[in-house]
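S.K.: Build me a model from this:
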Amino acid sequence: MMRFSFRAPDTTLRRKLLWWLSAPLLSLWLISSVIDYDIANRFVNLAYDRALLESALDIGRQVKVLNDRVYVDLPEIAVQMLQTRESGRVYYLVTGPENEFVTGEPDLPPPPDPLSGRINYYDQQYRGRPVRIVALQLPIERGKERGLVMVQVAENRAARNEFARQILLGMVLPQMLLIVLAGLLVSHVVGRALAPLSTLRDEVGSRSHRDLSPLPEGDMPLEVRPLIHAMNELLQRLSEALSSQQRFIADAAHQLRTPIAGLKTQTELALRQAPSGEAQATLTQLRSATERTTRLVNQLLSLARAEPASGRVPAAERIDLVALAREAASEWVPRALARRIDLGFEEPGRPVHIEGDAFQLREMLNNVLDNAVRYTSPEGQVSVRVELQEGDPAITVEDDGPGVPEADRSRVFERFYRVLGTGVEGCGLGLAIVREIAQHHGAEVTLGPGVNGNGTVVRIVFRPRRLRAANDAAASFAADG
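M.R.: Next up is the predicted model:
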């Protein structure tokens, strides 16, 4: 059985405001158009009715009585003028006191019965067209008798209807133009009024997950400030929770260092004193486990110091990246030689300066080199290069080890994630520390294959603008914490 779900289309606050502000304007325009049409009809009918009455009066003035016979002394030129008026042809009919035909159009529709006064206006159909008719009653004396002569004058309604439409267009079109201008003004005003919300959206959207500093409230409308205040309180609670978590990790790791160091010392002492056999093999395994635990504790401490919740503000000292990388690579030469690995270093031949925390950057390089030396097979090569990429300082560490599958390249930066099948011991925190320290310094870390598709290339590119933004965010976080 198929089920259908309907959901109202998403809309924005700007669209809602424009709709609720424009709909009344359009409604008022429609109501005004109806009223304007009625007013235009009234004025046009009044003007045309007066002209129609004047024609009837002109004809009535020409009504004569001769030998008790009623006739109309209407010159031919007057008849032609009535038939060729600008508003259209005019039809007329004159009937005597006994309702006898005198002159005009004998089939002109009679007025409604009874007549309501001396002058009556009414609408009828004449020769298939709507006409407006005026009926005028004039007293006359025929001999000793008095009677009423009725003069009817009719004209087509098309001319007055067209005139009414022209008047309506003359009123409605300027109103429509005003409505359009008002709509554009409303759209501009709404955009200006909602500009702080767009600024807030951009502020939140451009932040990294490390920036938990309060959102600015100064330029925001009063209606939005409670929302920002609530968000700032949420960010404050979140930063406090993260700080508490990081303090717990740092304290726990720090407290573990002393007993683990003592355990390692006792294990090495027992190895020297124990005879060969199963006991020594067990102690050897215990020493390896102790070394892995020591490395895990040290990496946890490094990660706790690198994360933003630690409250540590990176020192804005000027560092020669070439000298720092050379020193770090030199420290790893003995370990590389112990595994018969060729560790090389390449530099651009001149100093490359950045601003940052030398301690954290050295920790970052140590973790990258540790992974490179650890996963490279004996007789392999590891290269460390300092270079400029499009003007930005960069460090590249390349090895010819087994490499990282493409499906795992985005996940190796996660904590405690390790690529299966490598056969190398580790805790999965090295690249997580590298990413945290790099982000702390506004740098980008990418991981890809080597030149021939073998091995792994870790590239760290420093962005000066992002570094300044990261320093500002960390300083703000530390101040609020």
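
S.K.: from here on, contacts and neighbour counts on C-alpha atoms
M.R.: Noted.

S.K.: tell me which element residue 103 falls in.
M.R.: strand 101-104 (DSSP states H and E).

S.K.: May I have the helix or strand just after that strand as PDB, with CA atoms only?
M.R.: Using DSSP H and E, the next helix or strand after strand 101-104 towards the C-terminus is strand 119-126. Extracted in PDB, the C-alpha atoms of strand 119-126 (Å, rounded to 0.1, in the frame of the first residue of the first chain):
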ATOM      1  CA  ILE A 119     -38.000  63.600 -16.700                       C
ATOM      2  CA  ASN A 120     -37.300  59.900 -16.700                       C
ATOM      3  CA  TYR A 121     -34.100  57.900 -17.500                       C
ATOM      4  CA  TYR A 122     -34.200  54.200 -18.300                       C
ATOM      5  CA  ASP A 123     -32.100  51.500 -20.100                       C
ATOM      6  CA  GLN A 124     -33.500  49.300 -22.800                       C
ATOM      7  CA  GLN A 125     -32.500  47.200 -25.800                       C
ATOM      8  CA  TYR A 126     -33.000  48.800 -29.100                       C
END
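
S.K.: ok, how many other residues are close to residue 337?
M.R.: 14 (other CA atoms under 10 Å).

S.K.: next one: phi and psi at it?
M.R.: phi -60, psi -40 (degrees, to the nearest 10).

S.K.: For residue 190, give its distance to residue 234.
M.R.: Distance, residue 190 to residue 234, by CA to CA, to the nearest Å: 29 Å.

S.K.: which neighbours does the strand holding residue 103 have in its sheet, and in what orientation?
M.R.: strand 90-95 (antiparallel) (DSSP bridges).

S.K.: can you give me the mean pLDDT across the partner strand?
M.R.: Taken as a whole, strand 90-95 has a mean pLDDT of 88.

S.K.: what ranges of the stretch 251-400 of the chain fall below the confidence cut-off?
M.R.: 252-257, 274-277, 280, 288, 291-292, 294-316 (pLDDT under 70).

S.K.: mind listing the helices for it?
M.R.: 278-306, 321-331, 333-338, 358-375 (DSSP state H, counting those that start in this stretch).

S.K.: Run through who's touching the second one.
M.R.: By that I understand helix 321-331. Residues outside helix 321-331 that contact it (CA atoms under 8 Å, 6 or more residues apart in numbering) are 343, 345, 347, 351-354, 358, 362, 365-366, 369, 384, 386.

S.K.: what residues are up against the closest residue to residue 57 other than its chain neighbours?
M.R.: Residue nearest to residue 57 in three dimensions, not counting chain neighbours: residue 136, with 7.8 Å by CA to CA, 6 or more residues apart in numbering. Residue 136 is in contact with 53, 56-57, 118-120, 150-152, counting by CA under 8 Å, 6+ apart.

S.K.: Show me what residue 136 is bridged to.
M.R.: residue 119, residue 151.

S.K.: can I assume residue 453 sits in a helix?
M.R.: No. According to DSSP: H, G, I helix; E, B strand; the rest coil, residue 453 belongs to no helix; its state is coil.

S.K.: got the CA coordinates for stretch 101-118 in PDB?
M.R.: In PDB, the C-alpha atoms belonging to stretch 101-118 read as follows (Å, rounded to 0.1, in the frame of the first residue of the first chain):
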ATOM      1  CA  PHE A 101     -47.000  59.400 -33.300                       C
ATOM      2  CA  VAL A 102     -45.600  62.800 -34.200                       C
ATOM      3  CA  THR A 103     -42.100  62.200 -35.500                       C
ATOM      4  CA  GLY A 104     -38.900  60.200 -35.000                       C
ATOM      5  CA  GLU A 105     -38.400  56.500 -34.600                       C
ATOM      6  CA  PRO A 106     -41.900  54.800 -34.000                       C
ATOM      7  CA  ASP A 107     -40.300  51.600 -32.600                       C
ATOM      8  CA  LEU A 108     -38.400  53.300 -29.800                       C
ATOM      9  CA  PRO A 109     -39.100  51.500 -26.500                       C
ATOM     10  CA  PRO A 110     -41.600  53.300 -24.300                       C
ATOM     11  CA  PRO A 111     -40.700  54.400 -20.800                       C
ATOM     12  CA  PRO A 112     -41.700  52.200 -17.800                       C
ATOM     13  CA  ASP A 113     -45.200  52.500 -16.600                       C
ATOM     14  CA  PRO A 114     -46.000  54.500 -14.700                       C
ATOM     15  CA  LEU A 115     -43.700  57.500 -15.200                       C
ATOM     16  CA  SER A 116     -42.100  58.700 -12.000                       C
ATOM     17  CA  GLY A 117     -41.900  62.400 -13.000                       C
ATOM     18  CA  ARG A 118     -41.500  64.900 -15.800                       C
END
